[in-house]
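Participant: missing the sequence, but the structure's below:
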């Protein structure tokens, strides 16, 4: 049997103390109820949370054994969420979550012994997250993100933050005004990029959903800028691998961090993205945000300001760079990285498609040319891989000797998307960027460092997606490495 939860049964008092007093009461109550490495579903814990035992009795079927252990496990899961928001490290010590996790893991194992089909741990976390949020909202708080490591510097507690802000409390957030997609993007471009670690999901006040082939991406405006949340696609491991490899090889791309949706952070991100106001009139992103909850993983993606390489903004921007090699050299390097990783969804240099120049960001503070939405694609069929390597060889010959049909296809895509006609200077700069990048890769290969980089990257990707029950590319990592090594070997034939 599985646990049966009913959130409607969790009732909070209608009359509440002031926010400052409520924060103080909850924090001191949790500290007093702490048993050294866990909480128990006793009077002290229930009083601190303003809940009753009958609320939690409903969570466990009466025919279950080990009822007391299950109630204590539930108390620990709820206490973890509340304690993380209150930053109670100063009272319980920096290792309180580590000790709590160890106790809860053992208790969960003991409780499961009496169940033929024990519930998965995410069930507790998913169902208790709204309870935690409701408790915190009674004191005008929102859940803060769980610390990324036990060595993280201590943050000010909520009591300290409330006291500091008491003299000059900001006004309550107003509903977001509906607007067009173009106006919404223009408003977001004026915002800085928020860090992708320690994301302040609880301060999300507006969300814009940018559609895309793999589910699109959510642009969330939080307290310190804009951050993106991307539902995990069936190529999530390849996308993460591409970002890690790009950073190792000196290619500027949007950074990416992978989060389990069932984790504390993943559930909070989902909750606050769902609750935030829509920026675009008639742009029903709620349907899309539910897709986020259905995935095992989500990507927290760095927001890149600027605009894609298409339309009038790109035309005006590129016009100022005609005759100047830097931007075009960067574009050539990005193009070479795509060839190395078989990332066909950008510039159509080695693929018979129209390309997707929206994945080339221009006018960004991060760099002259920034790649977004990249992925490492393998070709498992020997004949298909050989055909691709032949195209790679033809492209590199053009980059070495002079433009041919492949580079002209890039020029055509550039003109179709930006109305910019490339000249010999732009062609030469792109060719140089491509050749320079591959020669750097070949130097790593000759020094036996490329295989080491691939090994470290794949190890990090594999460990990140280890808990996944569905293949999102993590089971084909060796094939991706074989593909990259084969492209490097082809480049050596042309450029050595």
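Facilitator: Noted; the coordinates are in hand. Quick caveat, the model's predicted, so the values are computed rather than measured.

Participant: what does the longest helix seen in the chain contact?
Facilitator: What stands out as the longest helix in the chain, according to DSSP state H, is helix 424-446. For helix 424-446, contacts defined as Cβ atoms under 8 Å, 6 or more residues apart in numbering pick out 249-251, 322-323, 325-337, 339-340, 395-396, 398-400, 402-403, 407, 410-411, 450-451, 453, 488, 491-492, 495-496. Heads up, the C-betas are built off the backbone N, CA and C, glycines and all.

Participant: where along the stretch 301-450 of the chain do the strands fall?
Facilitator: Secondary structure of the stretch 301-450 of the chain (DSSP state E, counting those that start in this stretch): strands at 307-308, 360-362, 370-371.

Participant: Under the pLDDT cut-off, which ranges of the stretch 51-200 of the chain? List them.
Facilitator: Scanning the stretch 51-200 of the chain for pLDDT under 70 picks out the ranges 57-64, 114-130, 133, 137-182.

Participant: try it again with 90
Facilitator: Scanning the stretch 51-200 of the chain for pLDDT under 90 picks out the ranges 51-102, 104-191.

Participant: for the stretch 351-496 of the chain, same thing?
Facilitator: Residues of the stretch 351-496 of the chain that meet the cut-off, pLDDT under 90, sit at 365, 380, 466-471, 474-475, 496.

Participant: Need the residue closest to the centroid of this protein.
Facilitator: Nearest to the mean C-alpha position of the chain, by Cα atoms, centre = their mean, lies residue 300 at 1.5 Å.

Participant: That one should be in a strand, yeah?
Facilitator: Yes: counting by DSSP: H, G, I helix; E, B strand; the rest coil, residue 300 is part of a strand.

Participant: Tell me the pLDDT of it.
Facilitator: Looking at residue 300, its pLDDT reads 97.

Participant: Which stretches in the stretch 1-150 of the chain count as helices?
Facilitator: 19-33, 43-49, 53-57, 67-86, 89-92, 96-112, 121-137 (DSSP state H, counting those that start in this stretch).

Participant: Now, of the contacts of helix 424-446, which are buried?
Facilitator: The neighbour-count test (16 or more other Cβ atoms under 10 Å) marks 249, 251, 325, 327-337, 339-340, 395-396, 398-399, 403, 407, 410-411, 450, 453, 488, 491 as buried among the contacts of helix 424-446.

Participant: that older thread, identify each buried residue in the longest helix of the chain, please.
Facilitator: For helix 424-446, the neighbour count (16+ other Cβ under 10 Å) marks 426-435, 437-438, 441-442, 444-445 as buried.

Participant: For the very next helix or strand once past that helix, buried residues please.
Facilitator: Sequence-wise, the next helix or strand beyond helix 424-446 is helix 450-464, with elements assigned using DSSP states H and E. Under the neighbour-count criterion of 16+ other Cβ under 10 Å, helix 450-464 has 450, 453-454, 457-458, 461, 464 buried.

Participant: was I right about residue 392 contacting residue 341?
Facilitator: No: counting by Cβ atoms under 8 Å, residue 392 does not reach residue 341; the two are 11.4 Å apart.

Participant: what about stretch 344-351, distance to the chain center?
Facilitator: Relative to its parent chain, stretch 344-351 has a centroid offset of 25 Å by Cα atoms, centre = their mean, to the nearest Å.

Participant: Show me the contact partners of that stretch.
Facilitator: Stretch 344-351 is touched from outside by 213, 331, 334-335, 338-339, 353-357, 359-360, 371, 373-375, 377, 388, 391-392, 395, 406-407, 409-410, 413, with contacts defined as Cβ under 8 Å, 6+ apart.

Participant: Over to stretch 313-325?
Facilitator: By Cβ under 8 Å, 6+ apart, the list of residues contacting stretch 313-325 reads 307-309, 327-328, 357, 362-363, 417-420, 423, 425-426, 428-429, 432.

Participant: Quick check: mean pLDDT of that stretch?
Facilitator: Average pLDDT, stretch 313-325: 96.

Participant: what comes up buried for it?
Facilitator: For stretch 313-325, the buried set under the neighbour-count rule, 16+ other Cβ under 10 Å, comprises 313-314, 317-318, 321, 325.

Participant: Looking at the buried residues of helix 450-464, which is nearest residue 203?
Facilitator: Taking Cβ to Cβ as the measure, residue 464 is the one of the buried residues of helix 450-464 closest to residue 203, at 26.3 Å.

Participant: As a check, name the ranges of all strands in the stretch 101-250 of the chain.
Facilitator: Remark: strands assigned in the stretch 101-250 of the chain by DSSP E, counting those that start in this stretch are 206-210, 217-222, 225-231.

Participant: Is it possible to get a markdown table of those strands that adds distance to residue 262?
Facilitator: Shown next, in a markdown table, are these (distance: least, Cβ to Cβ, whole Å):
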| stretch | distance to residue 262 |
| --- | --- |
| strand 206-210 | 21 |
| strand 217-222 | 18 |
| strand 225-231 | 14 |
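
Participant: Let me know which of these is the nearest to residue 44.
Facilitator: Residue 44 lies closest to strand 217-222 among these, at 34.6 Å (Cβ to Cβ).

Participant: which ones are touching residue 227?
Facilitator: So residue 227 contacts 193-196, 199, 219-220, 300-303 (Cβ under 8 Å, 6+ apart).

Participant: Greatest separation within these: which pair is it?
Facilitator: Maximum pairwise distance among these (Cβ to Cβ): 15.2 Å, between 195 and 219.

Participant: neighbour-wise, which of those two wins?
Facilitator: Just comparing residue 195 and residue 219: by other Cβ atoms under 10 Å the higher neighbour count belongs to residue 219, 21 against 16.

Participant: wouldn't that one be in contact with residue 188 here?
Facilitator: Yes: if you go by Cβ under 8 Å, residue 219 and residue 188 touch, sitting 5.7 Å apart.

Participant: so what sits against both of those two?
Facilitator: 208, 226, 303.

Participant: and which of the residues you listed is nearest residue 476?
Facilitator: residue 303 (29.4 Å).

Participant: To what extent is residue 379 buried, counted in neighbours?
Facilitator: When neighbours are defined as other Cβ under 10 Å, residue 379 has 18 of them.

Participant: Could you find the closest non-adjacent residue to it?
Facilitator: residue 385 (4.2 Å; Cβ to Cβ, 6 or more residues apart in numbering).

Participant: ok, so of the contacts of residue 227, who is nearest residue 276?
Facilitator: Distances from residue 276 to the contacts of residue 227, taken by Cβ to Cβ, are shortest for residue 220, at 7.0 Å.
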